[in-house]
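# just a sequence and a predicted model for now, questions to come.
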Amino acid sequence: STRELKATQFHIPADIAELERRLKMEISFYEAKISEENSKRPPDASLISEWKGLVLSATQKRDSLITLFEKQYPEYYLIKYNTQVIKPREIPVIAGRNTNYLNYVVSDTVLYIFVANRKNMQLITVPVDSGFFNDIRQFRNLLSMPFDNAKSNIIQYTKVGSNLYKIIIEPVRKYLISNKLLISPDNILSYIPFEAIPVGQVSGENNLFSEIPYLMKDFSISYTYSATLLAESLKKDYSLTNSLIAFAPVYTGSINVDSLLNSRQARVSTLHDLKFARMEAEYVTALTGGKLFINNAARESVFKAEAAKYDIIHLAMHTILNDQDPMHSKMLFYQEKDSVEDGNLNTYEVYGVPLKAKMVILSSCNTGTGVLHSGEGILSLARGFVYSGSQSVVMSMWEIEDRSGAEIVKSYYKFLKKGATKSNALRKARISYLKNADMLRSHPYFWSSLVIYGNNDPLYYSAKLGFIIGSAVLLIFVIMIFYYRKLR
């Protein structure tokens, strides 16, 4: 994890380090076994009880070890185990001087919105009722299901979206100091791309989705699980180049989502091959000079062996989000003939893969059952990659349409390479897409699925910055030559 990578800078005895590692693996192993057994119908109660006892025993030993670290190795303890949260006054420094941090907490009757920037720090309470939650679900359904009747769809979309805008954005807008938003969503809000929320309704004559006044036209937006977790992943690390690894499996047959999730839903969801996602992976690999594992080479075992070596990890594959059992959300690698792994990388496994990545991209996600619950599936997956050491995660909130999704991702990389922040690169990619999209493909379903969690800093130097630095170096060189000649 991010903390573990920092903690390795401090020396502790090898035998203690090995004990710590072994206890961590033991706890993770039996917690995974418990979770897996609970998903069976019926689960074996005696096995679960036995495993819970082993988890408790290992946890007690680990807690004693942590106490030892606190007393004898305080620097190591502070980096790895101190869970003190960020103070509100520290948020503007972490988020950025000109960034507005919005933290949402949802209850049954009240929406709490905490807004923090260098000028304002306010807690706003907004009364909500069942209509608010119905609007969120309806808005999400409108996002993910484009209809044939464009006119009625636009009117309904802007009406429901405007209702949400009045509750979640309008009350805080007067406190905002810039066009940069860093949002920490809660509960079901985690499944709403704020960028696609309209700030007002459209007239009856306007039948173009591209003309809707979306929030993204006013703001660059990124997300975070919490300010504390963001602080741990904060590291400005611009580069002229970044090493990239991409995985793009082929799916030779249809995939039954319900069987993968061990669910018994009345509606069966089926996943198919992602031809354009593979083309997308080939494009970004060529653009960045990265390494590509494609078709039957895109295996889970290869990911676990190779991913830790790279700055950017691109996963062009199906990802199934599971709200009811978040630790069993899973990324689907090549599904056949992997003798080491089953081809399904679960969220609980992500926590155990140490990464040094600046960005992980998951370009195709599916909510599994199609039913929205708490939003914990998407949060747990994003949190897993950040805890494992990735500074940021770019992921889709629903099963993205293959061709349009690939187009957005390609454009996103182009703007990243020009030195844009991640949120601004995504905003530009969307605006560029809408300029050329027809009526159907201008629907937000096709372009608003991707969201950015974590560090929003640029990955590359901009050409302008490179020119300025080069000019400054040249000027210093000329001045040095001038004084050298003058001294002679």
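That came in fine, so what should we check first? Owing to the predicted nature of the structure, the values given are computational and were not obtained by experimental measurement.
# and stretch 138-158, how far apart are its ends?
Counting by CA to CA, to the nearest Å, the length from the leading to the trailing residue of stretch 138-158 is 12 Å.
# so Gly389 touches Pro354, yeah?
Yes. Contact status for Gly389 versus Pro354: in contact at 5.7 Å, counting by CB atoms under 8 Å. For every residue, glycine as well, the C-beta is placed using N, CA and C.
# the stretch 351-488 of the chain: strands as residue ranges?
In the stretch 351-488 of the chain, strands defined by DSSP state E, counting those that start in this stretch lie at 359-362, 365-366, 392-396, 450-454, listed in chain order.
# and the first one, what does it pack against?
The contact analysis (3 or more CB pairs under 8 Å, 6 or more residues apart in numbering; DSSP states H and E) places strand 359-362 against strand 312-315, strand 392-396.
# now the third one
Here strand 392-396 is seen to pack against strand 359-362, helix 376-387, helix 422-436, strand 450-454 when contacts are counted using 3+ CB pairs under 8 Å, 6+ apart.
# compare Gly389 and Pro354 (neighbour count), which wins?
Shown here are Gly389 and Pro354; by other CB atoms under 10 Å, Gly389 has more neighbours (22 against 14).
# could you measure from the more buried one over to Met359?
With distances defined as CB to CB, to the nearest Å, the gap from Gly389 to Met359 amounts to 12 Å.
# in contact with the spatially closest residue to Tyr413 that is not a sequence neighbour: list those residues for me.
What sits nearest to Tyr413 in space, not counting adjacent residues and going by CB to CB, 6 or more residues apart in numbering, is Val284, at 5.1 Å. Under the criterion of CB atoms under 8 Å, 6 or more residues apart in numbering, the contact partners of Val284 comprise 244, 246, 290, 314, 409-410, 413.
# can you tell me the element Tyr157 falls in?
Mapping Tyr157 onto the secondary structure by DSSP states H and E places it in helix 150-168.
# my read is that Leu230 contacts Ile94, right?
Yes. Using CB under 8 Å, Leu230 makes contact with Ile94 at a distance of 6.0 Å.
# just to revisit the earlier point, now the residue nearest to Tyr413: which helix or strand?
When secondary structure is defined using DSSP H and E, the element that contains Val284 is helix 275-288.
# pairing partners for whichever helix or strand comes after that helix, with directions?
Going down the chain from helix 275-288, the next helix or strand is strand 291-294, by DSSP H and E. Listed by DSSP bridges, the sheet partners of strand 291-294 and their directions read strand 244-248 (parallel).
# report the distance from the partner strand to the chain centre.
With CA atoms, centre = their mean, to the nearest Å as the basis, strand 244-248 stands 17 Å off its chain's centre.
# pull the residues that contact it.
Contacts of strand 244-248 from elsewhere in the structure, counted by CB under 8 Å, 6+ apart, are 274, 277-278, 280-282, 284-285, 288-295, 298, 302-303, 306-307, 309-317, 333.
# what is the neighbour count of Ile34?
Ile34 is flanked by 19 other residues according to other CB under 10 Å.
# distance of it from Leu56?
Counting by CB to CB - Ile34 and Leu56 are separated by 11 Å.
# same check, this time on Leu381
Leu381 is 27 Å from Leu56, by CB to CB.
# what do you get for Lys71?
Where Leu56 is concerned, Lys71 sits at a distance of 23 Å (CB to CB).
# more neighbours: which of these two?
Set side by side, Lys71 and Leu56 show more neighbours around Leu56, with 12 against 9, by other CB under 10 Å.
# which pLDDT value belongs to the more buried one?
The predicted local confidence for Leu56 comes out at a pLDDT of 87.
# secondary structure element holding it?
Using DSSP H and E, Leu56 sits in helix 45-72.
# quick one: contacts for the closest residue in space to Glu31 that isn't next to it in sequence?
Residue nearest to Glu31 in three dimensions, not counting chain neighbours: Val55, with 6.0 Å by CB to CB, 6+ apart. Val55 makes contact with 27, 30-31, 34 under the criterion CB under 8 Å, 6+ apart.
# closest to Asn163 out of the residues you listed?
Each of the contacts of Val55 was checked against Asn163 using CB to CB; the closest is Glu31, at 40.8 Å.
# I figured that closest one hits Tyr348, correct?
Yes. Under the criterion of CB under 8 Å, Glu31 is in contact with Tyr348, at a separation of 7.3 Å.
# all set, thanks.
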